[in-house]
Structures are given as C-alpha cells and as structure tokens.
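>>> structure of the sequence below:
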Amino acid sequence: MKTPLLAVLLVASTAVGASAAGRQDDLDFVANRVPQLHANFFFQLDPALYRQAGANIAANLDTLTDAEFYVQLTALIAMAGDPHTAIYLNGSAAAAAGFQQFPLILRWLDDGVFVTGAAAPYTRALGAQLVGVGGMPIAQVVAQLATLIPHVNDQWVQYMAEKYLLGQQILQGLHVVPVAPATSLTFRTLAGEVFTLDVSPGSNSSLSSLPDSAAGIYPDYLQNTSQNYWFTYSAANRLLYFKYNSCGDMPGNPFANFANQVLATVDANPVDTFVFDLRGNTGGNSAVWNPLINGLTARLAALLSNPQFHMYGVIDNGTFSSGSLDAMTLKQPLLRGLVQVLGEPTGGATQGYGNVTGFTLPSSGLVGQYSTQFITGPSYVPAGPAFQPDIAISVRSTDFFARHDHVMAAILARTDAVPPPPSGSAIAVNGASFRADQGLAPGSFASVFGSYSQVPDQVLVAGIPGRVVAATASQVNFLVPALAPLGPAAISVRANGSELASGQATITSSGPGIFVLRPDPSQPGAVENQDASMNTSSSPADAGSIVQIYATGNGPVDASGNAPVSVFFGDLPADVLASVPLTQYPGLWQINVRVPAGITGEVPLFVVAQNLASNAVTLSVR
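Numbering: from 1, shown residues only. Predicted structure coming up:
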C-alpha cells in the first residue's frame, strides 16, 4: 500500500503558528489535491520525484521566506510539464499575496527582451534591451524562470518571461537577487551603451510607452488589446483585417453578431486579402469563432472568383491553448489549403492536456488552474510541441520601435517564401537593414560580420570578388558582385589572400533595404524632404509633398531604367514618382515618392520589390 503524500509531508514538517499552517494547507493542495483533480498529472512525471520535491519543501516549511516558499510551490506544480496546469505569480491575486511588480513593460522580440513601457524614474530604459538582473546574464535568469513556467516549447517560456522578469519577489525567491527594496537591472541601448538602474516595485498605471501610440501611426496588432475581437477594412489595400485577441464572447457584442458584421463587410466590399491575426490569443473556447469560419467557407466560391484573393493567418509565441487550436483550423480541408500562416511558432502545442478548471490556494489566495481533459490535435496538422508557420517571420526591436509590423508587410508584399538565414563564421546581411531574413541582391550594399584575426581586405561571393567599402576586425561593408549568381552562395572573408572566415548566404534578384541614419530605436531613415533637408522630427515632411528615400537592393530595372517598387507609409500605398539606381554611386537606390494625404506624426515607411519587403524606417510628417 502506498503512503499518502500528505502523511509524508506531515512527518517531514512541524507546523509553527498560523503562517506555517497556512503554508501546509497550500502545499497539501498542490502536492495531493491537484494530482487527484488533473486528468493525468503524472503523464510524463515520475510520482516518486514529485513526492520527494514536495517533501523537500515541507522539510523547510518554517524557515523559507514567503517568496521562497511560493516560488518553490510554483516550481512543484510545474514539474508535471503541462502548460495548462500552473500557479500564477502575476496578476491581482499574486499582488494581494505580496508579489510586487516593477513599473516596466517588457516585450520579448526576436533580438532580445526590450523595455516598451517605464514609469518616470526609469524612462531612460525605454527602447533598451534588458541584459542582466542582479548581475546575472538574462539567459541564466530566464533559465531559472523556466522552472516556474510549465511548457513544452521555448516560445511559451519567452511569452511568460516578459511578465515574470518584472516580479521582484519571484526573482528573490529564485535567489537571482537579494532581498532588498530595489533590484539592479542592466540594460543595453541600440547604440551599445550599457547602464544599470536600481528599480523598485510600483504602479504601472501611468507609464511612458515607446512607441507612443498618440505620436503617430500604430500597428493594428497593438491596437484594441482590451477587446476580444475587432476588425477593420482597408479600401486602399482591399484588405480585411480581423484581430482575435481572446476566444470568448464580448458582452454587448457576442461573436455571432460580430461575425455577421465581418461577413457583411466582405459581401459589400472588394476583398483581395483576408487576415486572421491570432497573435497573443491565449485561449478560451475554440468554438466561439465558428460562425465566422463557417460564413467564410460558405462564401469561398465567390471569394475565389477574384484571382487576387488570398487568406493569411498570423501567429506568435502568445498564441496558446484554444488560440493555437483555432489557428490550426485554418489548415482544415474545407478551406482547401488556401490560408498561408505567417509569424512565429505558437506557445501552445498541437495537442495536449487542457479544458482547464481554476483553483485558489486556501491560504495565500494565489490562483492557478489544472487540466481536466486531453485535447487531440487535428489530423491535418503534424503533431509537435508547437504549430509552425508556413513562413517564419519574426519581429525585431527595430521593427517594433519603428511602429512596423513586418508580418503585415510580408502580407502586403505577397511574400510566399523568405530566404534562409545566413550561416557560418562570416554572416552576410543586407547593408542597409542588417536583417538576417533577407537575401543579398547583386550590386547591392552588404555587410559581413564575424570575428576576424585581422582587418579583411577582400570578400568573395560565390568565388567572385566584391568591392570592399570599409572594414574592421568585426565588420566588412562591401558591394555584392553584380554577376553573383542567384541562389545559395559561399561567402569568404580574406586578408592578404588567406581566408579569415566563411559562411553561406542567399543571392536573390532583389533585396530591398532602407538606410538608417543612426542607431536609434525609432530607426530614423535616410530620407530627404522635398526641400532637400534631411527628414527628422524637427524637420518633418508635409503630407502630399515628395520625399527621396535612399535604399539598396533594388533588383532589375525596366526599359525606362526604373526599378519596380511599391512604397507604403504604415499600410497606405503611396504614389511612386521615380525609382532609380544611382549609377554614380554604385549600390545606392533612390526612390521619389509622394507622402499620402491624411497622415501625421511618426510614420513607418517601407518598400517592396519583387514580393520582398524591406525594413522600416521612421518618417516624420506634419
């Protein structure tokens, strides 16, 4: 006969006072009750390991601080490895239990964790990357946080770490930082400046944000986050954008009514593009959106009579649970394989335990949930720890702070594939954007990064020398040979005839990149106003005026010597007046375009050539 875990814990600990008794109640609930309530708590966990971990907590019940105890309790339930079964150390219940938050907002982007909101004492950190906590490198901190976050993939750890990195008591309970009123956080700016701030917990009710939504165009996916769902129709792009933030009905506008509004808009307007955006949708009831899916399916014949019609789904690391399930239904046979999914792998697996029931710990009041059912994924999606996009497109800090949605740019560009990232000890990227998800166009500027034993004097692309423009021991700026063949190409960085480093990149017919003036989070662009002044916030362009954009990677030119290009201000297409490679300055591409009427403030600007979107820069418009 097996000994009940409760008996083990009672033998291992001696309750002293109400606090210890309360901890014992919470420990018993997690150690005994949750495994009983869960559909299959030990589906991948040895019960003996769980009993021992619980006994270890019980043995120190009267010596642990509250932070240490509840962090360890959270790690205990996370041992099951079920992302739907957890205690949450953020939110109002955690705050009431003493878990305080720093007055910052963090966002995990492709190139790191960045500060997007900050209270007045800490606004210096806005736009900077968080690189250390209490002197510990961020990667090590996140590895410790991962023990508190039940997960089956790194994406969900990243999504939750945005929140848990702000928890002072979480970090103290993990012994990442000492118990003190303030915590040392280290940041690095885009220009490379490293600085440390001592940050204390506080209210996040009045934070400064970067980018500021009131100062210019704001990406759709960051708008209306308090609404479960919303949509907008762009007549300029003949595009219907549907943002699905949460799988649940909204009071006053149930989803069935909302679906009718969307479908009526589809019926009344020309639609070339329909976008289902499920970024940040952490779940709910996966059946809620069925009226919309059913309505669109019934209209497929009519929609497909338009040869320009395309459908896209968008996912990221915050797409989880029913959000993931709904994203996967976009691949159902009834939609005939018409939906192309872009973005990042989901935080949720393709199948697993779910259909949760919430709980409140009896003493602390901390809240959590456990799974009651195994949810099988759809047969038409391969099983795996995440639902994968058809086209992987990440959001970098330079996109985010420039108010740019690179996923929507790819949709507007009708991108059907992106070049594989460069590899090796010599990483060659577009010389204007520095993006690793772009190819290199013949005749364009490129930069190859590495750690070279001496300053290089030559770069070979597929065996053809490129013209070196500038070089240091870590970066070489060069012109891609005009005769470089399309496709995979070997990159060789040399000095005095000897190879210092090598890699592989992809040569593409075009590879648009707009030059950036300086390493600023908002990415001020190399753009001249109509009067030839450089565009800045103090020298903005007028709506309706003509600006000159300086870029590289134009690709082939037509019979008139123009390189075909589309230009977007936010998501508004603009009138292109000229698009010419400057023969007197090889590699440089000038685009003259009229600023659309009706826009003001800070505006993201990007270009599209041959179905590939450039980086975005910020244009100031009055």
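
>>> so, low pLDDT: which residues of the protein?
Scanning the chain for pLDDT under 70 picks out 1-18.

>>> domains in it, by residue range?
Domain assignment for the chain, taken from automatic domain parsing, gives 220-349+385-412, 419-507, 513-621.

>>> Throw those domains into CSV and include mean neighbour count, thanks.
(Each C-beta comes from the backbone N, C-alpha and C, glycine too.) CSV is the format used below for these (neighbours: other CB atoms under 10 Å):
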stretch, mean neighbour count
domain 220-349+385-412, 19
domain 419-507, 19
domain 513-621, 19
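
>>> can you add distance to Gly202 and give the ones you listed back as CSV?
Listed next are the domains of the chain as CSV, based on distance: least, CB to CB, whole Å:
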stretch, distance to Gly202
domain 220-349+385-412, 22
domain 419-507, 36
domain 513-621, 23
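
>>> how near is Pro452 to Leu460?
Heads up, residue 452 is Tyr, not Pro. Tyr452 sits 14 Å away from Leu460, going by CB to CB, to the nearest Å.

>>> same thing with Gln158?
Distance from Gln158 to Leu460, by CB to CB: 37 Å.

>>> sec struct for Leu171, please.
helix (DSSP: H, G, I helix; E, B strand; the rest coil).

>>> show me what contacts it?
Val133, Gly134, Val141, Leu165, Val177, Thr183 (CB atoms under 8 Å, 6 or more residues apart in numbering).

>>> same check, this time on Gly112
Gln129, Leu130, Val131, Ile138, Ser397.

>>> quick check: phi and psi on it?
Reported as degrees, to the nearest 10, the phi and psi values for Gly112 are phi 140, psi -170.

>>> bridging residues for it?
Under the criterion DSSP bridges, Gly112 forms beta bridges with Leu109.

>>> how near is it to Leu130?
Gly112 is 7 Å from Leu130, by CB to CB.

>>> likewise for Ser234?
From Ser234 to Leu130 the distance is 35 Å (CB to CB).

>>> OK, contacts around Ala551?
Ala432, Pro512, Gly513, Ile514, Phe515, Ala526, Leu588, Trp589, Gln590, Ile591, Val607, Ser614.

>>> please save the CA atoms from stretch 172-191 in PDB.
The C-alpha trace of stretch 172-191 is given here as PDB (Å, rounded to 0.1, in the frame of the first residue of the first chain):
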ATOM      1  CA  GLN A 172      14.200  37.000  -4.800                       C
ATOM      2  CA  GLY A 173      12.500  33.600  -4.300                       C
ATOM      3  CA  LEU A 174      14.800  32.100  -7.000                       C
ATOM      4  CA  HIS A 175      17.800  33.800  -5.400                       C
ATOM      5  CA  VAL A 176      18.600  35.700  -8.500                       C
ATOM      6  CA  VAL A 177      18.600  38.900  -6.500                       C
ATOM      7  CA  PRO A 178      19.000  39.600  -2.800                       C
ATOM      8  CA  VAL A 179      16.100  40.700  -0.600                       C
ATOM      9  CA  ALA A 180      16.200  44.500  -0.900                       C
ATOM     10  CA  PRO A 181      13.900  47.400  -1.600                       C
ATOM     11  CA  ALA A 182      15.300  47.800  -5.100                       C
ATOM     12  CA  THR A 183      16.700  45.400  -7.700                       C
ATOM     13  CA  SER A 184      19.600  46.100 -10.000                       C
ATOM     14  CA  LEU A 185      18.600  45.800 -13.700                       C
ATOM     15  CA  THR A 186      21.200  46.200 -16.500                       C
ATOM     16  CA  PHE A 187      20.300  47.500 -20.000                       C
ATOM     17  CA  ARG A 188      22.000  48.000 -23.300                       C
ATOM     18  CA  THR A 189      20.900  50.600 -25.900                       C
ATOM     19  CA  LEU A 190      20.900  50.100 -29.600                       C
ATOM     20  CA  ALA A 191      24.000  52.200 -29.800                       C
END
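
>>> in it, what counts as buried?
Using 16 or more other CB atoms under 10 Å as the test for burial, stretch 172-191 gives 172-174, 176-177, 183-190.

>>> re the thing from before, narrow the contacts of Ala551 to those in strands?
Gly513, Ile514, Trp589, Gln590, Ile591, Val607 (DSSP state E).

>>> which one of the residues you listed sits closest to Asp542?
Using CB to CB, Ile591 comes nearest to Asp542 of the ones in strands among the contacts of Ala551, at 18.0 Å.

>>> so what's the closest one bridging to?
Bridge pairing for Ile591 - DSSP bridges - gives Ile549, Ser579.

>>> distance check, it against Ala432.
Ile591 sits 12 Å away from Ala432, taking CB to CB as the criterion.

>>> what do you get for Asn90?
Taking CB to CB as the measure, Asn90 falls 39 Å from Ala432.

>>> same check on Asn477?
Taking CB to CB, one finds Asn477 at 10 Å from Ala432.

>>> who touches both of these two?
Common neighbours of Asn477 and Ala432 (criterion: CB under 8 Å, 6+ apart): Phe445.

>>> now Pro211: closest residue in space, sequence neighbours ignored.
Arg403 (5.1 Å; CB to CB, 6 or more residues apart in numbering).

>>> look up which helix or strand that neighbour falls in, please.
Secondary structure assigned from DSSP states H and E places Arg403 in neither a helix nor a strand.

>>> wait, it sits on Tyr221?
No. With contact defined as CB atoms under 8 Å, Arg403 does not reach Tyr221; the gap is 11.2 Å.

>>> circling back to that earlier point, including distance to Val194, could the contacts of Ala551 go into a markdown table?
Listed next are these as a markdown table, based on distance: CB to CB, whole Å:
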| residue | distance to Val194 |
| --- | --- |
| Ala432 | 26 |
| Pro512 | 32 |
| Gly513 | 27 |
| Ile514 | 28 |
| Phe515 | 26 |
| Ala526 | 27 |
| Leu588 | 33 |
| Trp589 | 35 |
| Gln590 | 37 |
| Ile591 | 36 |
| Val607 | 34 |
| Ser614 | 30 |
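
>>> of those, closest to Ala287?
Distances from Ala287 to these, taken by CB to CB, are shortest for Ser614, at 40.1 Å.

>>> residues in contact with the closest residue to that closest one other than its chain neighbours?
Counting by CB to CB, 6+ apart, Ser614 lies nearest to Pro512, which is 3.8 Å off, once chain neighbours are set aside. Going by CB under 8 Å, 6+ apart, Pro512 touches 438, 441, 551-555, 565, 589, 607-609, 612-614.
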